[in-house]
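[1] need a 3D model of the following:
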Amino acid sequence: MGVIAVAILGVVLVLVFSPYNKERNSQRDVATVSPDPCQVVYSGPIVITKGGTYTGHWESRDSNVSAVEVQTSEPVLILNSSIRAAGRMIRSAGHGANITVRNTSGYGIAPTPYADYKKPRNFVAVDEFRNIVVENCHIEGAAGIALGGRYVGNGTPEQTVRIRFNTARNIDGRVHGGQAMVNFVGLNFRNPVPHALIAWNQVVNEPGRSLVEDNINVSNSRGTPDSPIRIHDNYIQGAYPLNPTSSTYSGGGIIMDSWWNEGMPDPASVATAYVKVYNNQTVNLSNYNYAIAGGNNIEITGNRAVTSALLPDGTPVSTHNIGFYGYDYYKKGVTHSNAIHANTTGLMGTLAHQRNDAPYLPDGTVAFHSNATLPPGTIT
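    Predicted coordinates:
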């Protein structure tokens, strides 16, 4: 760790360079520029059927039509682009996609009526993939990144999931006439993926302007014993229902989930497993900050959760706020070998009346130890 002291107008600023910054600094040569969507001239939707590098400005004003549809398994790079859509921005289904998106901005526009099923305004929505990379991108007023179906890659670092160095503002699950459950990142796919990471992202959701469920949701998705899915060094601020004063809300921060329906494979074979969540910062999230609602071999360590339970104008939040919970929510017997340790919380509870740093761990399937709380008093 390096330290540099700089004197500015008589004030000494101590700049500490952590070794954790090496990964982030390695991408500093890639500019992150979000063009003003009002200053961009957009063309209509495109369908990509061949691999290659694509740069442009595309839009779709129809929720049923993706702005960019990828229909190939060949490597596709979307670079230095701007996309806006009433539905999906970048979409691929059933093609074993190999898609990299860099330095690209995505904006949601007014959703239109949809056919068959809800089509939220995902920046990236993929079913079946070999490799998905999203780096140095900006998402605004839209849903985030949804990876479903199945992973069909070869297990190498060149065929994995990497979501890094992105910014998002106001993740929004509204669709025409209603809403859908959306995330900044949602994983729900079969087959374990090694070398996957979600890191160095910043997500800011404003009350009344966003509608996010879990900011990061890992559902029935797995890493491997020697290469867990890594979720680290993300900054997440805000998680609210559309009416931020509502007392009913099931969303929140970062969750490992292992639900099961009839017709799915054996629960033990699909439950979320081998995930490590560390060094994340969560600020003013309603409901919960970090959670295990089923799954195994999950470690949550070195994270921080700070919640005032107040909106920016001072209005109290009426949801139940908690730092951590963990148990076999679905009672499928797949929740074990989990640990929450060495984290720090400072949380105000419902209506900001008092501190609420205690976790909820009712069945002993999650070990909880060596965690800390901020000093007693009101969290601002």
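
[2] what about the closest residue to residue 260 other than its chain neighbours, how many residues nearby?
    Once flanking residues are discounted, residue 260 sits nearest to residue 267: 4.7 Å by CB to CB, 6 or more residues apart in numbering. C-beta here means a position set from N, CA and C on the backbone, and glycine is covered the same way. As a burial measure, residue 267 scores 18 neighbours (other CB atoms under 10 Å).

[3] OK, contacts around residue 267?
    By CB atoms under 8 Å, 6 or more residues apart in numbering, residue 267 lies in contact with 258, 260, 330, 332-334.

[4] apply 7 Å and report the result again.
    260, 332, 334 (CB atoms under 7 Å, 6 or more residues apart in numbering).

[5] against residue 333, how distant is it?
    7 Å (CB to CB, to the nearest Å).

[6] what touches both of the two?
    With CB under 7 Å, 6+ apart, residue 267 and residue 333 have no common neighbours.

[7] low-scoring stretches of this protein, by residue?
    1-38 (pLDDT under 70).

[8] hmm, try it at 80
    1-39, 262 (pLDDT under 80).

[9] just the helices in it please.
    21-25, 267-270 (DSSP state H).

[10] what is the burial count for the closest residue to residue 190 other than its chain neighbours?
    Leaving aside its sequence neighbours, residue 190 sits nearest to residue 150 (CB to CB, 6+ apart; 4.3 Å). As a burial measure, residue 150 scores 14 neighbours (other CB under 10 Å).

[11] repeat for residue 232
    Using other CB under 10 Å, residue 232 has 18 other residues around it.

[12] return the residues in contact with it.
    Per CB under 7 Å, 6+ apart, neighbours of residue 232: 199, 278-280.

[13] separation between it and residue 285?
    Distance from residue 232 to residue 285, by CB to CB: 17 Å.

[14] which of the contacts of residue 232 has the most neighbours?
    residue 280 (26 neighbours).

[15] and that one, what does it touch?
    Residue 280 neighbours (CB under 7 Å, 6+ apart): 231-234, 236, 254, 303.

[16] ok, residue 254 next?
    Contacts of residue 254 (CB under 7 Å, 6+ apart): 215-216, 231, 277, 280, 290.

[17] end to end, how far does stretch 172-179 reach?
    9 Å (CA to CA, to the nearest Å).

[18] need the residues that contact it.
    63, 108, 111-114, 118-120, 141-143, 180-182, 210-213, 242.

[19] circling back to that earlier point, could I get the contacts of residue 254 in a markdown table, plus columns for distance to residue 351?
    Below are those laid out as a markdown table (distance: CB to CB, whole Å):
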| residue | distance to residue 351 |
| --- | --- |
| 215 | 23 |
| 216 | 27 |
| 231 | 30 |
| 277 | 28 |
| 280 | 26 |
| 290 | 22 |
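
[20] of all those residues, which two lie farthest apart?
    Using CB to CB, the pair of those lying farthest apart is 215 and 277, separated by 12.0 Å.

[21] who touches residue 279 in this structure?
    20, 232-233, 302-303 are the contacts of residue 279 under CB under 7 Å, 6+ apart.

[22] please repeat the previous calculation with a cut-off of 6 Å.
    232-233, 302 (CB atoms under 6 Å, 6 or more residues apart in numbering).

[23] in strands only, show me those residues.
    Of the positions in the contacts of residue 279, residue 232 sit in strands, assigned by DSSP state E.

[24] out of the contacts of residue 279, who's nearest residue 74?
    Once CB to CB is applied, the member of these that ends up nearest residue 74 is residue 232, at 30.9 Å.
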